[in-house]
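Q: predicted model, plus sequence, below.
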Amino acid sequence: MKRILCGSLAVTVLLSAGIALSGCGSAGQGSASGDRVTLKVYNWGDYIGEDVVKKFEEKYNIDVVYDTFSDNEVMHTKLKSGGADYDVAIPSDYMIKRMIDEGMVKKLDFNNIPNYKYIDDTFKNPGFDPKNEYSVPYMWGTVGIIYNKTMVKDTVDSWNILWNEKYKKQVFMLDSQRDSIGITLKKLGYSLNTKNMDELEKAKEELIKQKEMGMVQSYVGDEVKDKMIMGEAAFAVVWSGDAVFMKRENPDLDYVIPKEGSNLWFDSMVVLNNTKHQKEAEQFINFMCETDIAYENADYIGYATPHTEAKKKMSPELLADIAAYPNNLRARYFYHD
């Protein structure tokens, strides 16, 4: 899920450092022989309502093979290798741009996606798909710090606190190359999207320093939710939707977007170029944009929805929570090229 940064340069820098950084239409017609269509969907783990796939299958008489990935690079590698024949995928902004450039996704027929009308105009014409040809927004959010208020008495408003020796072994970092580099670039006052090798080198050195200082308990993925809920560390770098879930489970936790700035990211639905079922794939995307389904997805996973009508069903408390719905998308707290 998540985020615009400087592509392969950042990956190269981290790898050289030796650091392991361990997110419509009518019913399906079936084939000419009368067999049910099988649609293959590739999404982030734990990133859809529990009953949504079953509801789609029952409504459209289409079978769904639903698989998950852990990050954009894993997804891209699997698709690029030719060893997977998925129809629909839900990558992040920068990866969608890469997939468009590499001819991996199809232009959409929006006649099959009438529920696109419910997508807030704020999320249309994004930089990675400026003509709205290839993607339909799914979820969006930020990257920030979640912390345990019973363990931290200092003001938490800066990325610098993750380097404060007072909190050795009390930090979980995201097992995401782009996000770990990104927050470090912002800590140093640089752009998230820099291609300046000197700046990337300094970010690499800062991450190495953090590790050598003994600050990092571990680099983590989805398991960070359980770990922070159970009070295993004082801080974690997390995606905003995960923060919403953690705060629900443990009221001692709070989420902040540091003053230096952070990443505003978008995940969107695309149809892959090798699909044999484009219409059914677009039916699936349209189904995901039905108001009740969009609400069910957002309510279950905790991330912010770009769907205008689904958002109206959210509680006032959730809408007021900056972890879920930050007030100003272009405020100084965000940096998005």
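A: In hand now; what should we look at? Residues are numbered from 1 along each chain as shown.

Q: SS state for Val156?
A: coil (DSSP: H, G, I helix; E, B strand; the rest coil).

Q: what sits against it?
A: Val156 sits next to Ile145, Tyr147, Phe235, Asp254, Val256 when contact means Cβ atoms under 8 Å, 6 or more residues apart in numbering. (Glycine included, C-beta is placed from N, CA and C.)

Q: same thing but at 10 Å, please
A: Neighbour list for Val156: Gly144, Ile145, Ile146, Tyr147, Lys149, Leu162, Ala234, Phe235, Asp254, Tyr255, Val256, Pro258 [criterion: Cβ atoms under 10 Å, 6 or more residues apart in numbering].

Q: please apply the same query to Tyr300.
A: Tyr300 touches Asp46, Tyr47, Ile48, Gly49, Glu50, Asp51, Val52, Phe245, counting by Cβ under 10 Å, 6+ apart.

Q: by neighbours, which of the contacts of Val156 wins?
A: Highest neighbour count within the contacts of Val156: Ile146, with 28 neighbours (other Cβ atoms under 10 Å).

Q: doesn't that residue lie inside a strand?
A: Yes. The assignment for Ile146 is a strand, going by three-state DSSP.

Q: which pLDDT value belongs to it?
A: Model confidence at Ile146, expressed as pLDDT, equals 98.

Q: is it true that it touches Lys225?
A: Yes. Using Cβ atoms under 10 Å, Ile146 makes contact with Lys225 at a distance of 9.5 Å.

Q: overlap in contacts, these two.
A: With Cβ under 10 Å, 6+ apart, Ile146 and Lys225 have common neighbours Ala236, Val238, Asp242, Ala243, Met246, Asn250.

Q: so which of the residues you listed are in strands?
A: Members of these lying in strands (criterion: DSSP state E): Ala236, Val238.

Q: okay if I get the shared contacts of Ile146 and Lys225 as a markdown table plus neighbour count and distance to Leu200?
A: Compiled in a markdown table, the shared contacts of Ile146 and Lys225 are given as follows (neighbours: other Cβ atoms under 10 Å; distance: Cβ to Cβ, whole Å):
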| residue | neighbour count | distance to Leu200 |
| --- | --- | --- |
| Ala236 | 28 | 24 |
| Val238 | 27 | 23 |
| Asp242 | 26 | 26 |
| Ala243 | 30 | 27 |
| Met246 | 25 | 31 |
| Asn250 | 17 | 35 |
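
Q: which one in the shared contacts of Ile146 and Lys225 is the model shakiest on?
A: Lowest pLDDT among the shared contacts of Ile146 and Lys225: Asp242, 92.
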